[in-house]
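Colleague: generate coordinates for the sequence data below:
(one chain, ligands or ions: 2)
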Amino acid sequence: MQTATIKFEKFQSTKDDDCQARILAAREKLGKRLVILGHHYQHESVYRHADYTGDSLKLSKYCESLDAEYIVFLGVHFMAEVADILSRPEQIVILPDLAAGCSMADMANLAKVERSYRELNKVLNFDEEITPITYINSAADLKAFCGEHGGIVCTSTNAPKILEWGFKQREKVLFFPDQNLGRWSGHKMGIPLEQMPVWDPDQPLGGLTVEQIKNAKILLWKGHCAVHQMFRPQNIEHFKKLHPDGFVISHPEAPFEVCLNSDYVGSTEYILRTVSEAPPNTKWLVGTELNLVTRLAEQMKPQGKHVQFMSHVVCECSTMARIDPQHLAWCLENLAEGNIVNQIKVPKHEAELAKLTLDRMLQAS
Ligand code: CIZ
Ligand code: SF4
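Modeller: Ligands and ions are numbered 1, 2, ... in the order given. So this is what the prediction gives:
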C-alpha cells in the first residue's frame with residue numbers, strides 16, 4: 001500500500017551510521033526490484049552500496065541489460081539520463097539528489113550549441129563538413145543534437161576511436177564540452193595544436209577568423225572540468241624530485257601540459273587497471289578525482305604501492321558529493337513504501353535521438 005511521500009527534511013540531521021542501517025533495511029525490503037549503480041567518483045559512504053561500479057561507459061553498458069524495476073544512480077545528472085535512455089521504458093531511474101549535476105556539462109547548452117551551428121554555417125556547410133561529437137558529460141538534448149546532425153557521443157575511454165569515426169564521416173569535428181579531452185585525443189592522433197583552436201560560443205564566429213575555422217581539424221569548445229583543471233605540471237615536478245622512480249598517471253580532462261608530463265593518460269577505468277596491475281612497491285601520482293584516488297590508495301596498500309593525489313589542495317567533485325547517505329536512505333525508504341522520488345525521465349523524442357548517438361558510440365567502440 002502506498003503511503004505519503006517521506007520528506008527529505010526528516011533525514012537532514014540523521015547521522016551517517018543510522019542512514020547506513022536504514023539503507024540496508026530498505027534494500028532488504030526491495031530485494032531484486034532494486035539495482036544500485038555507482039560511479040568511481042562517489043564517496044565510500046554510498047559507493048559501498050553499489051551493485052555495479054564503473055566509469056560512465058561501463059555503467060551505460062550495464063543499463064542495457066538490467067532486470068530491476070528501479071535503477072538508483074550514484075553519480076551525476078547526465079549519467080542518470082543515459083541510464084534512462086538505455087534502460088527499458090518501464091524501468092525507473094532515480095538520482096538521489098537532483099542537485100548532483102556536472103559543472104563541465106553545464107558549460108555547453110542547447111541554445112549555445114545551436115547558435116554555434118548557425119555561426120559555423122556562415123563560413124561552411126555544417127552538416128556536410130563537421131561531425132559534432134559530445135563527451136558523455138553533457139545533457140541529453142546535446143546528445144539529441146548530435147543524433148540529428150550525424151554526430152556521436154564519446155567517453156574518456158573511447159575518445160580517440162570516436163574521433164576517428166567522426167573524421168570518417170566529415171573532414172572536421174566540433175568537440176564539446178571538454179576542450180582538454182578533445183585536445184589530448186587530437187594530439188594523440190597527430191593533429192597539430194594550431195589545427196585545434198578553441199571555439200568560444202559567446203563570441204561571433206567563436207572568436208576565430210574565417211581562415212582559422214577553415215584550417216581547423218577540431219574546434220574545441222571552451223569548456224573544462226573545474227576539478228581536473230586544478231592539477232599543475234609543478235605538482236608532477238615536485239613528485240618526480242621526491243620519487244625519481246615514481247610514475248605519473250592522469251585523466252585526459254586534466255590540462256594539456258599535465259597530460260604531456262604524465263607517464264600515462266587515460267580514463268578512470270584505465271587508471272584503476274594500470275595502477276592495480278603495476279608491480280608491488282611502485283609509487284604513483286594520480287591526477288583525477290579525490291574519492292577515486294583515496295579508495296585506490298587504500299586498496300593498493302597491502303601490495304606496498306604508494307598512491308598519491310596530484311594536488312595539494314583538496315579537490316573532490318562537489319556535485320558528485322551531493323549523493324550522501326542521507327539522500328540515499330531517503331530515496332530508498334520512499335521506494336520501499338512505493339513512492340517514487342527524483343525520477344529522471346528524458347522526453348521521448350529527445351531520448352530517441354540521443355539513443356541513436358549512444359548506439360553509434362557503443363557500436364564504434
Ligand atoms: O566517463 C566517465 O565516467 C568519467 C566522467 C570519467 C572517466 O574517465 O571515467
Ligand atoms: Fe563533471 Fe568534473 Fe565532476 Fe566529472 S569531476 S562530474 S567532469 S565536474
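Colleague: got the residues of this protein near ligand 1?
Modeller: Residues of the chain found near ligand 1 (Cβ under 6 Å from any ligand atom) are His39, Asp55, Ser56, Leu57, Ile136, Asn137, Thr155, Ser156, His251, Ser267, Thr268. C-beta here means a position set from N, CA and C on the backbone, and glycine is covered the same way.
Colleague: in contact with the first one, which residues are there?
Modeller: In this case it means His39. Thr53, Gly54, Asp55, Ser56, Leu59, Leu74, Gly75, Val76, Met79, Met320 (Cβ atoms under 8 Å, 6 or more residues apart in numbering).
Colleague: now the fourth one: closest residue in space that isn't a chain neighbour?
Modeller: The shortest distance from Ser56 to any non-neighbouring residue, by Cβ to Cβ, 6 or more residues apart in numbering, is to Ile136 (5.0 Å).
Colleague: that older thread, I'd like the contacts of His39 laid out as JSON lines, including distance to Val46 and secondary structure.
Modeller: Shown next, in JSON lines, are those (distance: Cβ to Cβ, whole Å; DSSP: H, G, I helix; E, B strand; the rest coil):
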{"residue": "Thr53", "distance to Val46": "11", "secondary structure": "strand"}
{"residue": "Gly54", "distance to Val46": "15", "secondary structure": "strand"}
{"residue": "Asp55", "distance to Val46": "17", "secondary structure": "coil"}
{"residue": "Ser56", "distance to Val46": "17", "secondary structure": "helix"}
{"residue": "Leu59", "distance to Val46": "15", "secondary structure": "helix"}
{"residue": "Leu74", "distance to Val46": "5", "secondary structure": "strand"}
{"residue": "Gly75", "distance to Val46": "10", "secondary structure": "coil"}
{"residue": "Val76", "distance to Val46": "13", "secondary structure": "coil"}
{"residue": "Met79", "distance to Val46": "14", "secondary structure": "helix"}
{"residue": "Met320", "distance to Val46": "10", "secondary structure": "helix"}
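Colleague: which intervals of the stretch 251-365 of the chain have sub-threshold pLDDT?
Modeller: By pLDDT under 70, the stretch 251-365 of the chain has no low-scoring segment.
Colleague: what about the strands in it?
Modeller: 264-265, 283-287, 306-309 (DSSP state E, counting those that start in this stretch).
Colleague: tell me the most buried of the ones you listed?
Modeller: Counting by mean count of other Cβ atoms under 10 Å, strand 283-287 has the highest mean neighbour count of the strands of the stretch 251-365 of the chain, with a mean of 24.
Colleague: list the neighbouring strands of that one plus their orientation.
Modeller: strand 247-250 (parallel), strand 306-309 (parallel) (DSSP bridges).
Colleague: would you point out which residue of the stretch 51-200 of the chain is nearest ligand 1?
Modeller: Asp55 (2.9 Å; Cβ to the nearest ligand atom).
Colleague: so what's the residue in the stretch 1-150 of the chain that ligand 2 sits nearest to up against?
Modeller: Ligand 2 sits closest to Cys102 of the stretch 1-150 of the chain, with a gap of 3.2 Å, by Cβ to the nearest ligand atom. The contact partners of Cys102, taken as Cβ under 8 Å, 6+ apart, are Val76, His77, Phe78, Asn137, Thr319.
Colleague: quick check, Ser156 in contact with Glu253.
Modeller: Yes - assessed by Cβ atoms under 8 Å, Ser156 is found in contact with Glu253 at 6.9 Å.
Colleague: coming back round to it: okay, now the closest residue to the residue of the stretch 1-150 of the chain closest to ligand 2 other than its chain neighbours: neighbour count?
Modeller: Using Cβ to Cβ, 6+ apart and skipping residues adjacent in sequence, the residue nearest Cys102 is Val76, 4.7 Å away. Residues lying near Val76 (other Cβ atoms under 10 Å) number 27.
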